[in-house]
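> quick check, what structure comes out for this input:
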Amino acid sequence: MNKSPLLVALALALSGCQTLTTLESDSKVATQATRQLEGASPNDINNALMVNAQYQQVDSDEQEAPVFDDVWERIRYQLSIEIPQNRPVVTERNYYARHQAYLDRISKRAEPYLHFIVEEVEKREMPIEIALLPIVESAFDPFGYSNRSASGIWQFMPATGERFDLKQNWWYDGRRDIVQSTRAALDYLSYLHKTLEGDWLNAIAAYNSGEGRLMRAIKKNRKKHLPTDFWSLDLPSETTAYVPKLLALADLLKRSDDFNVTWQPVINAQVVEVVDVGSQIDLALAADMADMTLTELYRLNPGFNRWATDPNGPHSLLLPVDKAEQFSQKLANTDVKNRLRWQRYIVARGDSLSVIAKKFTTSSSAIRSLNKLKSNTIKVGQELLVPLTDGAINSEHLPKQMRLAANKATRTKLSHTVKSGDTLWDISREYDVTMDELAKWNKLKKNSVLRLNQKLTVYKSANKPQATASTNRTITYKVRRGDSLARIASKFNLSVNEIIKWNNLAGQKYLQPGQKLKLKVDVRSS
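I've put the predicted structure just below:
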């Protein structure tokens, strides 16, 4: 068929425009690279995100996606990134395929969060593979903490968390907050995708190493007239393995039958709900209202560092859908001042808010918030309500994972020189850390043979008790309204008979609010 001269001329013109546009684009990106190497300004980030926030409309005649019972199936259906069968991807895929037990643990950990994350990724029309990224980052462990101070399921560094509005203070660490860290991670990835010319593999790589490093690698390749795709860039070894890990997981999910692996089903339905509390609340009280254990509550809300939420917010909790209505009803019937454990205190000479806060192991802001004070000024004889805690972050009321996650920021870096006969197990016992931690810090396998005089890095918490010390603690628990022996026993992993025996309660039918009980709690299991 003969082509119209007009069409031929138009095609040539468009081809010329495309070539010119490509050259101009290369020059523009090279210029941007120099300017953006050290990270973008908040304004740059906002401008990029505004573009990405404009979602495309789906054609009305487009075929509707099938409905799935399992979130993994929902992800599998949408996988779209091309997966090269090269050595890095195959190596990582073979590793995962040999560890079915690890994939099982992933599914169990991801269960409360995965549906929410998939929903958020789909809203932004990002590649669904992004929902698998927390596996690479943290194995979906909300208390995951790296030796470089990255934290949470998305492993945000403190400075990067600040860039993307993740609040971090004594009360709360937004890097561990499931909802807020997911929002920040998707913001960051959207920004990187826009900044790196719409290349998702480069954006994912930059999430691991920072956009500055990616831009430098791209600029270096451009000068040499080399390709600038991920596989062609000179990047740190951690980053060159990072993207293949994600692609390997996607390949295993896409072709699970071929590799004889199973992804344990995760229900494809909303299982958690964000509830606005509106004020600071004692988390033990919140757990009671929701009919949950403290450990269950912290598992869904790992961002909280203390016994209560931050006085200045966020004032929201992530709760199971079937618990949210019950919690909201009880919350509505609880006066704001009764949402915290407190006692009355008369200000004495020499007192200040900081002095009183230290005396009761709380914070000045908490006292100020509870008493609705406009400043830190107080007077002798003034009556204050002081929020109570059961101690510092090592409080036996807090789950073990929560205490360790909050305390890791205060860890001291130590160096151990390997002696004759040393094994990772011996060294882990000596410093009261786990073998997994020791191996991860030093990039070793747990069965690695150590060399004489080899230097190993150990991170030791100053607040962590020595392995030889007893982990049993006797605490005083103040009975609250609605408490029962069974509820208290469940909260601290004790038996009703033990509580009766320790407190001589035989024959006593009811507990009274304010009554004090002595409890012997194992710190490791509380």
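> what is the burial count for Lys413?
Counted with other C-beta atoms under 10 Å, residues neighbouring Lys413 total 10. All C-beta spots, glycine's among them, are computed from the backbone N, C-alpha and C.
> with Ser369 instead?
Neighbour tally, Ser369, other C-beta under 10 Å: 18.
> how much space between the nearest residue to it once chain neighbours are set aside and Lys374?
Spatial nearest neighbour of Ser369, chain neighbours left out: Pro311 (3.7 Å); criterion: C-beta to C-beta, 6 or more residues apart in numbering. As defined by C-beta to C-beta, to the nearest Å, Pro311 lies at a distance of 14 Å from Lys374.
> what do you get for Ser495?
48 Å.
> touching, Ala248 and Tyr96? I think so.
Yes. Ala248 is in contact with Tyr96 according to C-beta atoms under 8 Å; the separation is 5.9 Å.
> okay, the two: which has more neighbours?
Ala248 (24 against 19).
> that one: what's it in contact with?
Listed by C-beta atoms under 8 Å, 6 or more residues apart in numbering, the contact set of Ala248 reads 89-90, 92-93, 95-96.
> ok, and for whichever strand or helix holds it, which residues are buried?
Ala248 belongs to helix 237-254 when elements are defined using DSSP states H and E. Within helix 237-254, the residues that count as buried by 16 or more other C-beta atoms under 10 Å are 239-253.
> ok, now stretch 133-151?
133-138, 140-145, 150-151.
> of those residues, closest to Trp263?
Each of these was checked against Trp263 using C-beta to C-beta; the closest is Ile135, at 11.0 Å.
> centre of the chain to the helix or strand where that closest one lies, how far?
Assigned by DSSP H and E, Ile135 belongs to helix 133-138. Its chain's C-alpha centre and that of helix 133-138 lie 10 Å apart, by C-alpha atoms, centre = their mean, to the nearest Å.
> and the very next helix or strand once past it, what does it pack onto?
Per DSSP H and E, the first helix or strand lying C-terminal to helix 133-138 is helix 158-163. Under the contact criterion of 3 or more C-beta pairs under 8 Å, 6 or more residues apart in numbering; DSSP states H and E, helix 158-163 touches helix 178-195.
> how far off centre is the helix it packs on?
On C-alpha atoms, centre = their mean, the centre of helix 178-195 falls 13 Å from that of its chain.
> which stretches in the stretch 351-500 of the chain count as strands?
For the stretch 351-500 of the chain, applying DSSP state E, counting those that start in this stretch gives strands covering 383-387, 411-417, 455-461, 472-478.
> could you tell me the least trusted of these?
Ranked by mean pLDDT, the strands of the stretch 351-500 of the chain bottom out at strand 472-478, with a mean of 65.
> residues touching Lys323, list them.
Counting by C-beta under 8 Å, 6+ apart, Lys323 has contacts 290-292.
> picking up where we left off before, the more surrounded of Ser495 and Lys374?
Taking neighbours as other C-beta under 10 Å, Ser495 and Lys374 compare with Ser495 leading, 12 against 6.
> what sits against the more buried one?
Ala489.
> endpoints of stretch 162-177, how far apart?
Using C-alpha to C-alpha, to the nearest Å, the span of stretch 162-177 from its first residue to its last is 14 Å.
> please apply the same query to stretch 117-135.
With C-alpha to C-alpha, one end of stretch 117-135 sits 12 Å from the other.
> same deal with stretch 158-173?
Stretch 158-173 end-to-end distance (C-alpha to C-alpha) = 9 Å.
> same question, stretch 493-505
End to end - C-alpha to C-alpha - stretch 493-505 spans 19 Å.
> quick one: average pLDDT of it?
80.
> any stretches of the stretch 1-150 of the chain with poor pLDDT?
1-65, 147 (pLDDT under 70).
> hey, where'd the helices end up in it?
Ranges of helices in the stretch 1-150 of the chain, per DSSP state H, counting those that start in this stretch, are 5-36, 42-52, 71-78, 87-97, 100-110, 114-123, 133-138.
> can I assume Thr262 is in contact with Gln100?
Yes. Thr262 is within contact range of Gln100, at 6.7 Å (criterion: C-beta under 8 Å).
> can you tell me the SS state at the closest residue to His193 other than its chain neighbours?
Once flanking residues are discounted, His193 sits nearest to Ala203: 4.2 Å by C-beta to C-beta, 6+ apart. For Ala203, the assignment made with DSSP: H, G, I helix; E, B strand; the rest coil gives helix.
> Ala203: what's it in contact with?
Counting by C-beta under 8 Å, 6+ apart, Ala203 has contacts 189, 192-193, 195-196.
> how far away is it from Asp234?
Taking C-beta to C-beta, one finds Ala203 at 18 Å from Asp234.
> quick check, Thr182 in contact with Phe156.
No. The pair Thr182 / Phe156 is not scored as a contact, 10.8 Å apart, by C-beta under 8 Å.
> the more surrounded of the two?
Neighbour totals were compared for Thr182 and Phe156, and Phe156 leads with 27 against 21 (other C-beta under 10 Å).
> hey, what's the more buried one bridged with?
Ser151 (DSSP bridges).
> so it versus Val347, what's the distance?
From Phe156 over to Val347 (counting by C-beta to C-beta), the distance is 40 Å.
> Ile356 touches Arg368, doesn't it?
No. Using C-beta under 8 Å, Ile356 makes no contact with Arg368, being 10.7 Å away.
> tell me the buried residues in stretch 440-449?
Buried-residue list, stretch 440-449, by 16+ other C-beta under 10 Å: 441-442, 444.
> among the residues you listed, which are in helices?
Trp441 (DSSP state H).
> closest to Gln508 out of the buried residues of stretch 440-449?
Using C-beta to C-beta, these come closest to Gln508 at Trp441, 50.8 Å.
> list the contacts for the residue positioned nearest the centre of the chain?
Nearest residue to the geometric centre of the chain (C-alpha atoms, centre = their mean): Gly152, 2.4 Å. Listed by C-beta under 8 Å, 6+ apart, the contact set of Gly152 reads 138, 142, 144, 173, 175-177, 181, 302-303.
> run a quick neighbour tally on the closest residue to Gln180 other than its chain neighbours.
In space, Gln180 comes closest to Gly174 once its chain neighbours are excluded; the distance is 4.6 Å by C-beta to C-beta, 6+ apart. For Gly174, the neighbour count with other C-beta under 10 Å is 24.
> and what of Glu111?
With other C-beta under 10 Å as criterion, Glu111 counts 16.
> how about the nearest residue to it once chain neighbours are set aside, what does it touch?
Nearest residue to Glu111 in three dimensions, chain neighbours excluded: Val266, at 5.3 Å (C-beta to C-beta, 6+ apart). Each residue near Val266 by C-beta under 8 Å, 6+ apart is listed here: 70-72, 107, 110-111, 114-115.
> dump the residues you listed into CSV; add distance to Asp351 as well.
As requested, those are arranged in CSV below (distance: C-beta to C-beta, whole Å):
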residue, distance to Asp351
Asp70, 59
Val71, 54
Trp72, 58
Ser107, 53
Ala110, 49
Glu111, 48
Leu114, 50
His115, 50
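> just the CA coordinates of whichever strand or helix holds Arg213, formatted as PDB?
Using DSSP H and E, Arg213 sits within helix 211-223. Provided in PDB are the C-alpha atoms of helix 211-223 (Å, rounded to 0.1, in the frame of the first residue of the first chain):
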ATOM      1  CA  GLU A 211      18.700   9.800  45.000                       C
ATOM      2  CA  GLY A 212      22.100  11.600  45.200                       C
ATOM      3  CA  ARG A 213      24.000   8.400  44.600                       C
ATOM      4  CA  LEU A 214      21.800   7.300  41.700                       C
ATOM      5  CA  MET A 215      22.100  10.700  40.100                       C
ATOM      6  CA  ARG A 216      25.800  10.600  40.400                       C
ATOM      7  CA  ALA A 217      25.900   7.100  38.800                       C
ATOM      8  CA  ILE A 218      23.600   8.300  36.000                       C
ATOM      9  CA  LYS A 219      25.700  11.400  35.400                       C
ATOM     10  CA  LYS A 220      28.900   9.300  35.200                       C
ATOM     11  CA  ASN A 221      27.400   7.000  32.600                       C
ATOM     12  CA  ARG A 222      26.100   9.900  30.500                       C
ATOM     13  CA  LYS A 223      29.600  11.300  30.300                       C
END
